[in-house]
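Trainee: got a predicted structure plus its sequence, pasted below:
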Amino acid sequence: MIKVKLIGLRAVERTDLPLLRNWRNIPEFRKNFREFRELNLDNQERWFEKVVIESQNDFMFVIERLKDKVPVGVCGLVYVDWISRSADFSFYIGHQEQYIDNNGYALEAAKLLLNYGFNNLNLHKIWMELYEFDKKKINFFTKKLNFKKDGELRDNCFEGGKYWNSHIYSLLDSEYKK
């Protein structure tokens, strides 16, 4: 386990899958994910086998509150490209359906995962795709963690009866280390 003051990042276990499935199926969360379908436990099992067990290019963690070992979220660096040394940042706080919390878990976990990516995996760039309506994550990552907008994919998401743009945000290792 990688840990700091309030939280730790630990490996995803098979026993976590029902909880992760329930969090992923929260409608207010799901609209922000590329996987828009309602997931069942079989879907979650296949994801676990492919991403957590078999992949050498995906690093997923459960965010766990240290004081009582309660899982509060999930994060990871996925689709790692070892040549360009980049990875997609996957992240949310599922506990009490917060998505991004105000009690410090999100900030600690995000900083811990960035540190792991840049200082342990030797990544050069950590990026994410966020839909333009996902203001909570956009504000969190740009204002608290200094992510920069790289570009926009027009009409890349269909939600609520209309098309929305996707924005690509990233943080470079040189920006992180400042």
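Mentor: Perfect, thanks for sending it.
Trainee: and for Lys5, the neighbour number?
Mentor: Counted with other Cβ atoms under 10 Å, residues neighbouring Lys5 total 8. Where C-beta positions appear, they are placed from N, C-alpha and C, glycine not excepted.
Trainee: looking at this, it is in a strand?
Mentor: No - if the criterion is DSSP: H, G, I helix; E, B strand; the rest coil, then Lys5 is coil and not within a strand.
Trainee: would you list the phi and psi of it?
Mentor: phi -70, psi -60 (degrees, to the nearest 10).
Trainee: can you tell me the helix or strand for the residue nearest to it when sequence neighbours are not counted?
Mentor: The shortest distance from Lys5 to any non-neighbouring residue, by Cβ to Cβ, 6 or more residues apart in numbering, is to Glu108 (6.5 Å). Using DSSP states H and E, Glu108 sits in helix 105-115.
Trainee: would you mind measuring from the residue of the chain positioned farthest from its centre to Asp155?
Mentor: The C-alpha centroid of the chain is most remote from Gly161, which lies 25.6 Å away (Cα atoms, centre = their mean). For Gly161, the distance to Asp155 (Cβ to Cβ, to the nearest Å) stands at 13 Å.
Trainee: ok, Phe36 next?
Mentor: In terms of Cβ to Cβ, Phe36 sits 15 Å off from Asp155.
Trainee: quick one: Ile83 is in a helix?
Mentor: No - Ile83: not assigned to a helix; according to three-state DSSP it is coil.
Trainee: report pLDDT for it.
Mentor: For Ile83, the model assigns a pLDDT of 98.
Trainee: how about it, what does it touch?
Mentor: If a contact means Cβ atoms under 8 Å, 6 or more residues apart in numbering, then Ile83 has no contacts.
Trainee: show me where the protein has strands.
Mentor: 2-3, 7-11, 59-65, 70-81, 86-93, 125-131, 148-159, 162-172 (DSSP state E).
Trainee: which one of those strands has the poorest average confidence?
Mentor: strand 2-3 (a mean of 88).
Trainee: can you give the strand pairings for that one, parallel or anti for each?
Mentor: strand 7-11 (antiparallel) (DSSP bridges).
Trainee: quick one: buried residues of the partner strand?
Mentor: Ile7, Gly8, Leu9, Arg10 (16 or more other Cβ atoms under 10 Å).
Trainee: does the second one really touch Met1, like I thought?
Mentor: Yes - here Gly8 reaches Met1: they are 4.5 Å apart, a contact under Cβ atoms under 8 Å.
Trainee: between the two, which contacts overlap?
Mentor: By Cβ under 8 Å, 6+ apart, the residues touching both Gly8 and Met1 are Glu64.
Trainee: and the pLDDT for the residue nearest to Lys5?
Mentor: 95.
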